[in-house]
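In: Sharing a model that was predicted from the sequence below.
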Amino acid sequence: MKKEKRKIGAEEKFYVATQWQLMWRKFKKHKLAILGGTILVIFYVLGTFCEFFSTQDLYKQHLGYIHAPPQRIRFFHEEGFHLRPFVYGLKRRLDPRTLRRTYVEDKTKKYPIYFFVHGDKYKLWNLFPTDVHFFGVKEGTMFLFGTDKLGRDLFSRNLYAARISLSVSLIGVALSFVLGCILGGISGYFGGRVDMAIQRVIEFLICIPTIPLWMALSAALPKKWSPIKVYFGITIILSIVGWCGLARVVRGKLLELREEDFVMAAKIAGASELRIIVNHLLPSFLSYLIVSLTLSIPNMILGETSLSFLGLGIRAPAVSWGVLLQNAQNVRTVALHPWLLIPGLFVIITVLTFNFLGDGLRDAADPYK
Amino acid sequence: MLIYVMRRFLYMAVILLLLSVVAFIIIQLPPGDYVSAYIAELETMKGERMEEAEIIALRKAYGVDQPIYIQYFKWIRKLLRGDFGISLQWQRPVIDLIAERLPLTVMICALATVFTYAMGVPIGIYSAIRQYSAGDYFFTVVGFIGLAAPNFLLALILMFLFYKYLGLSVGGLFSTQYMNVPWSVGKFIDMVKHLPIPVIVIGTPGAAALIRTMRGCLLDELHKQYVITARAKGVAERTLLFKYPIRVAINPIVSTIGWTLPWLVSGGTITEIVLSLPTTGPLLFQALLKQDMELAGSIIMFLSFLTVIGTFISDILLALLDPRIRYERST
C-alpha cells in the first residue's frame, strides 16, 4: 500500500515537472554523458587554473634532464607502503657508443610529494602574484609526463596548452553561435529571397574543403602579430566555417515552429517580431541549439590542433596541444620518446567526451519521447 | 531529367566562379604583391637595388597598378587560357606543378572513399542487427576513437607502430629507388605497398561516422511495423533484412555520398603532409610557408573544383538511379 502511494507520487512529479527538470532527469540516465561531462569539468578547471595546478614554470629549462621519461608516482618502497606518495630521482647515463642519453630511476633518492608547496613564482591570470602550487616536490625534480627536447616539464606545458586549446574552441563556438543564430534566424523567419541567398552562401562554404582554406587564411596572418592577436585571428578563422551547420539547425527549427499556433496567437495579440523570436521561439529550440553547439566544439578543437601542429596556428612561445605535438613530428623521435604523444591523448579524450556529452544532451533535449 | 541536369550544371558553374573569387582573394591576402616579392627576390639574388623606372615598368607589365576587379578579370582570362602564373618558389609554371601531383591526390581520395563505404556500411549493418553484442560495443568504441582522433595523429601513431614493431619507415608513396624514375611495373607495385596507410588514415573518420549513421538508420527501420509483419509471415531473416530495411536505410547514406568529398579532401591534405606524400597537400603547405600565393591559391581552387565536380557527378548518378530524387529536385 505504502509502496503504491510512493509510486503515484513519483508519477505526479513527472507531470508537474518543468521541461528543464525532465531534461535533467533524462540526462542523468545517460551514464557516458555524465562521465563525459565530469571529465570536461575537470579539464576546464585544470585549464583555467593551469598556473596553480602545474608543478613548474612554463618555460623553465632543466638542462640536465633533456628528453627525460615520465616519473611514476609511487606508494611502495623497498621497505613497504608509504602513505605519502613519492617519485624516485633520475640518473642520467650516456651511451658511449651511440651517444644517446638514457635515464634510470635512482632508488636511493626519494622525493616525497606534498600538497600546496612553494615553487616557481607566477601570477594567476596575470593578476595575483603567488608561488603556491597544488602539488609538487620540495627538493629534486618531478616530471609526470617527462620533458621535451629543451628539458621543459611536459606536465605543466600540457596544462597550459589545455587552457588555450579548450578556450579557442569555446570562443570560436560562441562566435559561430552568434553568426549562426542571426543568419539562420533571419533565413528561417523571413524566408523568401533572403532565405534563398543565405542558403546558397552556406552551401557554397560547405563545398570548400575546410583544412586547405583554414591553412591559407591562417598562413596569411602577419608574422609580426603578438600571440594574443594570433589567438583571436585563429578563432575567427575557425568560426568562418563553423557557423554554417548551426545556421541550418536554427533555420530548420524556425521553419517548423513558425507554423505553430502559439506563434499565430502571439502575432494576433500584436507582439513585435523581435519579441516573438526572443520570447516565444528561442526557448522552444534552445535545447537543440545547445546540442549542436556541443557537437560542433570537437571540430574546432581538431581544427586548431591540426593548424598548430603544422605551425600555421597558435605560435610558440604560446602553447596549445597542437604546438606540443609539433615535437612529435618525426617518427624516430616518437619511437625513442613516446611520451611526446601525450597531448594527442588529451585531444582524443576531449573530443570523445564532447561527443558523449552531445549524445546525452540530444537524448535529453526531447524529454517527452 | 535534362532540366534537372542543366539546372545542376548552371548551379555548379556559379559555384566554380565564386570559388575562383575566393582563390583570387587568397592570392591577394598577404601584404605586398607579386611584383614586390619578385623585386625583393631579384635584389637579394643580384645584390643590387633596382631602378625606380624599372620597378614601375615591372608593375605595369604585371598589371598590379590597376584596380583590384580589373586584376581579377585579367587573372581569370589568363586562367581560361591555361596560364596559372609562375611559382616563385619553384620557378616553374604553376599548372605543371599541379598536374604532376593532382592525379595522385585524386587516386588517394577515390580509394579512401571506397574504403569508407566498404568499411562503414557492412559494419554499420552488423552493429544494428547485433545491437548491444560484444561486436557492436567493440565497433562503437573503435568508431568513436576514429572520429575523435585527428587525422594527423592517426597517421603519426600508425607510422610509429609500423616503425617500432615492423622496423618500416612508411612515409612517402615511393621507395627511394623509385622516387625520380618514370612509371614501370616495379614502381607501381611499390606504390601499391605504400598506399594502405594513407588510405586507412584518410578513410577512417568518414568510416566511423558512417558506422554511426548506418546503425542509427537501420535500427529505426528494424522497429517498424512492416518488419514485424514480415517476420510474422515467416519470411526468412536474411531475405527480409536485405530486401527491405537495409535498402531503405542505405538510401540516405548513398544519397549523401557527394558530401563526404570535401571532408575527405580536407582530412587528406593534412595526412598527406604528415606522411609526406608526393601529392598536392605538401605542395600547398610548402607554398603557404613560403608565401608563394599564386601556387597556393591555385591548389585550393583545384581542390575545391574537384570536390564540386565530384559532388555534381554523384548527384547526377543518384538522380539516374533513384527516380524520387529526380522528381523531388526538378520540381
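Out: All right, it came through fine. Everything quoted here is computed from the prediction, not taken from an experiment.

In: which residues are in contact with stretch A:131-144?
Out: A:52-56, A:62, A:65, A:68-71, A:73, A:87, A:89-90, A:109, A:111-122, A:153-155 (C-beta atoms under 8 Å, 6 or more residues apart in numbering or on different chains). Every residue, glycine included, has its C-beta placed from N, CA and C.

In: Give the next helix or strand downstream of the helix or strand harbouring B:Phe73.
Out: Taking DSSP states H and E as the criterion, B:Phe73 maps to helix B:68-80. Heading C-terminal from helix B:68-80, the first helix or strand you meet, by DSSP H and E, is strand B:86-87.

In: Okay, buried residues for the longest helix seen in chain A please.
Out: Of all segments of type helix in chain A, defined using DSSP state H, the longest is helix A:154-190. For helix A:154-190, the neighbour count (16 or more other C-beta atoms under 10 Å in any protein chain shown) marks A:154-169, A:171-173, A:175-177, A:179-181, A:183-189 as buried.

In: That helix near chain B at all?
Out: No - using C-beta under 8 Å from any C-beta of the partner chain, we find that helix A:154-190 stays clear of chain B, coming within 11.6 Å at best.

In: starting at the chain centroid, how far to the following helix or strand past that helix?
Out: Next along the chain after helix A:154-190, taking DSSP H and E as the criterion, comes helix A:192-207. Relative to its parent chain, helix A:192-207 has a centroid offset of 30 Å by C-alpha atoms, centre = their mean, to the nearest Å.

In: which other helices and strands contact helix A:192-207?
Out: helix A:154-190, helix A:227-258, helix B:2-28, helix B:293-321 (3 or more C-beta pairs under 8 Å, 6 or more residues apart in numbering or on different chains; DSSP states H and E).

In: Using PDB, list the CA coordinates for that helix.
Out: This file holds the C-alpha atoms of helix A:192-207, laid out as PDB (Å, rounded to 0.1, in the frame of the first residue of the first chain):
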ATOM      1  CA  GLY A 192      11.700  34.000 -49.400                       C
ATOM      2  CA  ARG A 193      14.600  35.600 -51.200                       C
ATOM      3  CA  VAL A 194      16.800  36.300 -48.100                       C
ATOM      4  CA  ASP A 195      16.500  32.700 -47.200                       C
ATOM      5  CA  MET A 196      17.500  31.700 -50.700                       C
ATOM      6  CA  ALA A 197      20.600  33.900 -50.600                       C
ATOM      7  CA  ILE A 198      21.700  32.700 -47.200                       C
ATOM      8  CA  GLN A 199      21.200  29.100 -48.000                       C
ATOM      9  CA  ARG A 200      23.300  29.400 -51.200                       C
ATOM     10  CA  VAL A 201      26.100  31.100 -49.200                       C
ATOM     11  CA  ILE A 202      26.000  28.200 -46.700                       C
ATOM     12  CA  GLU A 203      26.100  25.600 -49.500                       C
ATOM     13  CA  PHE A 204      29.000  27.400 -51.100                       C
ATOM     14  CA  LEU A 205      31.000  27.500 -47.900                       C
ATOM     15  CA  ILE A 206      30.300  23.800 -47.200                       C
ATOM     16  CA  CYS A 207      31.800  22.800 -50.600                       C
END
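
In: relative to helix A:227-258, how tilted is it?
Out: Angle, helix A:192-207 to helix A:227-258, by axes from the mean of the first three to the mean of the last three C-alpha atoms, to 10 degrees: 130 degrees.

In: Let me know the average pLDDT across helix A:192-207.
Out: Computed over helix A:192-207, the mean pLDDT rounds to 82.

In: continuing past that helix, what's the next helix or strand?
Out: helix A:210-219.

In: Direction-wise, compare that following helix with helix A:192-207 and give the angle.
Out: 90 degrees.

In: And the helices in the stretch 201-331 of chain B?
Out: For the stretch 201-331 of chain B, applying DSSP state H, counting those that start in this stretch gives helices covering B:225-232, B:237-243, B:245-255, B:260-274, B:280-289, B:293-321, B:323-330.

In: Need the winner for burial among those.
Out: Highest mean neighbour count of the helices of the stretch 201-331 of chain B: helix B:260-274, a mean of 26 (counted as mean count of other C-beta atoms under 10 Å in any protein chain shown).

In: and the angle for that helix with helix A:227-258?
Out: 160 degrees.

In: how's chain A carved up into domains?
Out: Following automatic domain parsing, chain A resolves into domains at A:71-142, A:160-365.

In: Reformat the helices and strands packed on helix A:192-207 as JSON lines; add distance to A:Ala318.
Out: As requested, these are exported to JSON lines (distance: least, C-beta to C-beta, whole Å):
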{"stretch": "helix A:154-190", "distance to A:Ala318": "6"}
{"stretch": "helix A:227-258", "distance to A:Ala318": "4"}
{"stretch": "helix B:2-28", "distance to A:Ala318": "25"}
{"stretch": "helix B:293-321", "distance to A:Ala318": "25"}
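
In: quick one: which of the ones you listed is nearest B:Glu100?
Out: helix B:293-321 (11.9 Å; C-beta to C-beta).

In: neighbours around B:Ala110, how many?
Out: Using other C-beta atoms under 10 Å in any protein chain shown, B:Ala110 has 14 other residues around it.

In: Kindly confirm my reading that it is in a helix.
Out: Yes - membership of B:Ala110 in a helix is supported by DSSP: H, G, I helix; E, B strand; the rest coil.

In: Which of the contacts of stretch A:131-144 fall within strands?
Out: A:87, A:89-90, A:109, A:111-122 (DSSP state E).

In: near chain A, which residues of the stretch 51-200 of chain B show up?
Out: Counting by C-beta under 8 Å from any C-beta, the residues of the stretch 51-200 of chain B near chain A are B:144-145, B:147-153, B:156-157, B:159-160, B:163-164, B:169, B:171.

In: For residue 263, list the residues it contacts.
Out: Using chain A here. Contacts of A:Val263 by C-beta under 8 Å, 6+ apart are A:257, A:276, A:280-281.

In: nope, chain B please
Out: A:209, B:205-206.

In: pLDDT wise, what is it at?
Out: At B:Trp263, pLDDT is 79.

In: Distance check, it against A:Ala365.
Out: B:Trp263 sits at a distance of 25 Å from A:Ala365 (criterion: C-beta to C-beta, to the nearest Å).

In: One more: B:His223?
Out: 21 Å.

In: Same question for the helix holding B:Phe73: list its buried residues.
Out: Of the residues in helix B:68-80, those buried (16+ other C-beta under 10 Å) are B:71-72, B:75, B:79.
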